[in-house]
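A.B. asks: Have a look; sequence and predicted model below, questions after that.
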Amino acid sequence: MAVAQKPFRVIIVGGGLVSLTAAHIFSKTDIDFVILEQHENLLPEIGSLLNLWPPTFRIFDQLGLLDAVQPVLNDINHGVTLSADDGTIFSEIDPNDIIEKNHGYGVRVTHRPHFIEVLYQKLPDSAKERIKLRKRVVNVNVSDDGVSVECEDGTVEEGSIVIGADGVHSRVRQCMQALAEGKQPPDKSQKPKSPYVTTYRMFFGNIPIPPGLDKNVNRECASERVSTQLLTGNSQAWFGVYEALDKPTSERIRYTEQDKQKLLEKWGHLYMAPGWKLRDVYALHVGDTGMINLEEGKVDKWFWKRIVLVSDAVRKLEPHAGLGYNSGLADVVVLVNNLRRLLQADPSPNTEALERVFADYQKERMKDEPVIQSMSIRRARITGWLSPMNKIMAKYIAPWTNMAYWSLLYIFAPVVSRVPVLEWLEEKSLRETMVPYVHHPIIKGTETTTSKQGLSRDHRSYGFSIYTGAIALAALAAAGFQYYRRIY
C-alpha cells in the first residue's frame, strides 16, 4: 500500500514586516504555511520610520495592497544635507521627481506600527489564523522528508521547510549553523557571536512636526562620528541620532534610559534643522524613545537542507539608505517564485531538490548584494564621518558635483530596475518609466520575463548609459576633489 504524501507546509519563524508580507504572498499560492512569532503581539514597542522603494510598490500592486497602504504613506518632496555643528546647508535635492519619472513610483516613508496594522488587517482570515503568537523557537530538527520546530512552551510545529525570517539575532540561523557543523544549537541563555558588526548606534523617537518646518522634507545633519536626521511627514515627524561607537563590536548591547540621557547631554547642541537643535526636538517627543545598535554585514551561507534564511537573518543594512525591508521582501519574492515552480513539477520534493532551489535563490539575490551593501555603508558614512575623506565628500565633492542627482541615475536606478516581481500575479498600475525594469510577471504565457534571458534591448542600451554615466560621475568626483584641494 502506497504511503500518502504529506502536504507541503512552510514554517516561517518571525512575525515582522517581511513575514507579514510573505503571508500575503503565500495566500496567493496553494502552499500551506504557518508563522511563529515570539512576542505577544505584532506591533513594535516603539514606532519608527520605514522606507519603501519603488519596486516594493510593484509587489503591493500584484498583491492588491496599493490602495490599502496609501493612507499611511508620506512623501519625501525635498532632501537637505546640513552641518550638524552650525546648521550650514551643504546640498539640497528633490528626489521623488527624478525617482517617479525613472521608476513609476517614488520613495515613500511610513510609521512602522501603522504599516504593520494595514498589512495585518488586509490579510484574509485564513492567513490570520496561521499566525501564532508567543511561540519562541528553541530548536529546529531536520529529517529526510520534513522539519520540526520546537517552541519554548513545549509545542512542536511540523512542516516541509523552515524559513528563518527572525531577524538579526535569528534563532533559526543559530540552529541551522549548528546542525551543519554537527553540533547542538547553543543554549538560549548563551549569546552566540553575531555575524554582524556594529559601527553606529541610533537614538530615535517620534514628534509632532516642529513649528516653522515644512512637511515632507528629509533633513540630515553631518558631523564627525555623529549625524542627526529629522524627517517631517504629512502629520508627524521622526528624529534620529547616529553615533559611531568608540570601537566596532559584534556584542549585543541593551541600552538603558541612563544611556539615552548621556547621549542627549553629549549631543544636545547638534542641529537637526535650521533653528532646531537636538535638545529642542527631544523636548517635543511623544511616547517612548529607542536606542539600538545598527549592525552591518552579511551571512555567507543562506540555507542548509530544508532550512533557508531571508532578510535580516542573512544581511543587516544600516538604515540611512532605507534598504532593509525592501531587500528582505525581494528575498521572499525570489524564494517563493523558485519554490512555486518546483512544487508545480513535484508536489513533494526531496531535500536535494529543495537545496537546489535554495541555492538558486541565494545566487540570484547575491548578484546585487555587493552594491546593496556598499550603498548602505557609504550612505551612513557620508553623514557620520569616520575619516577625513568622508568629510571631504560630504562638504565639498558631493555638493560641487551634484552627486546625489547622479547617484539616483547611475547607482540607485540600475539596482531598482533589477528587483524581481512575483511571476504569476498580474501587475496593473505600473506607468511607463524612463528606466526599463528587467523583470515582469508571466500571465497565462502572454508575458515574458528577462530573469533567465539577461537584459532586454532597451535595458542593454540603458546599461551602456550606466557605464558612461559612471565614468562621468567618477570624473566629477575627481574634479571636485581637485577643487577642494585648491580652496582648502
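C.D. replies: On my side now, so go ahead. Numbers count the residues shown, from 1 in each chain.

A.B. asks: Is there a neighbour count for the nearest residue to Asn74 once chain neighbours are set aside? I'd like the number.
C.D. replies: Of all residues not flanking Asn74 in the chain, Gly233 sits nearest, at 3.5 Å (C-beta to C-beta, 6 or more residues apart in numbering). All C-beta spots, glycine's among them, are computed from the backbone N, C-alpha and C. Other residues near Gly233 come to 23 when the count uses other C-beta atoms under 10 Å.

A.B. asks: Kindly report the same for the one 4 residues further on.
C.D. replies: One way to gauge burial is a neighbour count; for Ala237, by other C-beta under 10 Å, it gives 25.

A.B. asks: Identify the residues contacting it.
C.D. replies: Contacts for Ala237 were tallied using C-beta atoms under 8 Å, 6 or more residues apart in numbering; they are 206-210, 213, 230-231.

A.B. asks: ok, now with 7 Å
C.D. replies: Counting by C-beta atoms under 7 Å, 6 or more residues apart in numbering, Ala237 touches 207-210, 230-231.

A.B. asks: same question, Glu92
C.D. replies: Per C-beta under 7 Å, 6+ apart, neighbours of Glu92: 78-80.

A.B. asks: got a markdown table for those residues, with pLDDT, secondary structure and distance to Val415 too?
C.D. replies: As requested, these are exported to a markdown table (pLDDT from 0 to 100; DSSP: H, G, I helix; E, B strand; the rest coil; distance: C-beta to C-beta, whole Å):
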| residue | pLDDT | secondary structure | distance to Val415 |
| --- | --- | --- | --- |
| His78 | 95 | strand | 23 |
| Gly79 | 95 | strand | 18 |
| Val80 | 96 | strand | 24 |
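
A.B. asks: Output the residues you listed as CSV; include the columns distance to Met375 and neighbour count.
C.D. replies: Listed next are the contacts of Glu92 as CSV, based on distance: C-beta to C-beta, whole Å; neighbours: other C-beta atoms under 10 Å:
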residue, distance to Met375, neighbour count
His78, 21, 18
Gly79, 16, 18
Val80, 20, 18
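
A.B. asks: quick one: which of those is nearest to Val416?
C.D. replies: Gly79 (17.1 Å; C-beta to C-beta).

A.B. asks: For the closest one, name its beta-bridge partners.
C.D. replies: Counting by DSSP bridges, Gly79 forms beta bridges with Ile93, Asn218.

A.B. asks: do the one 10 residues further on as well
C.D. replies: Partner residues in beta bridges with Ile89, using DSSP bridges, are Leu82.

A.B. asks: same thing with Leu36?
C.D. replies: Here Leu36, judged by DSSP bridges, has bridge partners Val13, Lys132.

A.B. asks: I'd say it and Ser19 touch.
C.D. replies: No: Leu36 is beyond contact range of Ser19, at 9.2 Å (criterion: C-beta atoms under 7 Å).

A.B. asks: residues in contact with stretch 222-229?
C.D. replies: With C-beta under 7 Å, 6+ apart as the test, stretch 222-229 has contacts from 81, 83-85, 219-221, 239-244, 267, 270, 272, 278, 383-386, 391, 394.

A.B. asks: quick one: buried residues of it?
C.D. replies: By 16 or more other C-beta atoms under 10 Å, the buried positions in stretch 222-229 come out as 222-223, 226-229.

A.B. asks: For the one residue sitting closest to the centre of the chain, give its distance to Pro420.
C.D. replies: The residue lying closest to the centre of the chain (C-alpha atoms, centre = their mean) is Gly324, at 1.2 Å. From Gly324 across to Pro420, the span is 17 Å (C-beta to C-beta, to the nearest Å).

A.B. asks: the strands in the stretch 101-250 of the chain, which residues?
C.D. replies: Per DSSP state E, counting those that start in this stretch, the stretch 101-250 of the chain carries strands over the ranges 108-111, 131-132, 137-142, 147-151, 156-159, 161-164, 197-207, 217-224, 226-232, 237-249.

A.B. asks: of all those, which lies closest to Glu296?
C.D. replies: strand 197-207 (6.0 Å).

A.B. asks: which parts of stretch 97-108 are buried?
C.D. replies: 98-100, 102-108.

A.B. asks: what does stretch 207-214 give?
C.D. replies: Under 16+ other C-beta under 10 Å, the buried positions of stretch 207-214 are 207, 209-210, 213.

A.B. asks: what do you get for stretch 368-377?
C.D. replies: Buried residues in stretch 368-377 (16+ other C-beta under 10 Å): 368, 372-373, 375-377.

A.B. asks: ok, these vs Leu43, which is closest?
C.D. replies: Among the buried residues of stretch 368-377, Ser376 lies closest to Leu43 (C-beta to C-beta), at 25.9 Å.

A.B. asks: Tell me how far the closest residue to that closest one other than its chain neighbours lies from Arg279.
C.D. replies: In space, Ser376 comes closest to Leu317 once its chain neighbours are excluded; the distance is 4.1 Å by C-beta to C-beta, 6+ apart. Shown here: Leu317 relative to Arg279, a distance of 30 Å by C-beta to C-beta.

A.B. asks: what about those two, which has more around it?
C.D. replies: Neighbours per residue, other C-beta under 10 Å: of Leu317 and Arg279, the larger number sits with Leu317, 27 against 14.

A.B. asks: And that one, how far from Ile209?
C.D. replies: Distance, Leu317 to Ile209, by C-beta to C-beta: 28 Å.

A.B. asks: same deal with Val118?
C.D. replies: 22 Å.

A.B. asks: what do you get for Phe412?
C.D. replies: 27 Å.

A.B. asks: before we move on, what about Trp424?
C.D. replies: 42 Å.

A.B. asks: on that earlier part again, which one of the contacts of Glu92 is nearest to Val147?
C.D. replies: So of those, ranked by how close each gets to Val147 (C-beta to C-beta), first place is Gly79, at 45.3 Å.

A.B. asks: Among the contacts of stretch 222-229, name the buried ones.
C.D. replies: By neighbour count, with 16+ other C-beta under 10 Å, those hold 81, 83-84, 219-221, 239-244, 267, 270, 272, 278, 383-385, 391, 394 as buried.

A.B. asks: Verify the contact between Val72 and Arg108 for me.
C.D. replies: No: contact between Val72 and Arg108 fails when scored by C-beta under 7 Å: they sit 9.3 Å apart.

A.B. asks: quick one: pLDDT of Met1?
C.D. replies: Met1 carries a pLDDT value of 42.

A.B. asks: do Thr449 as well
C.D. replies: 43.

A.B. asks: Check the one 4 residues further on too.
C.D. replies: Note for Gln453: predicted pLDDT of 30.

A.B. asks: next one: Pro95
C.D. replies: Pro95 carries a pLDDT value of 89.

A.B. asks: quick one: low-confidence ranges for the chain?
C.D. replies: Applying pLDDT under 70 to the chain picks out residues 1-4, 45-47, 444-488.

A.B. asks: could you redo the last one with a cut-off of 80?
C.D. replies: 1-5, 44-47, 188-192, 443-488 (pLDDT under 80).

A.B. asks: wait, which of the contacts of Ala237 is closest to Gly64?
C.D. replies: Closest to Gly64 out of these is Leu231 (28.5 Å), distances taken as C-beta to C-beta.

A.B. asks: ok, that closest one to Ser376 distance?
C.D. replies: Counting by C-beta to C-beta, the separation of Leu231 from Ser376 is 18 Å.

A.B. asks: which among the buried residues of stretch 207-214 gets closest to Val140?
C.D. replies: Of all the buried residues of stretch 207-214, Ile207 has the smallest distance to Val140: 41.6 Å, by C-beta to C-beta.
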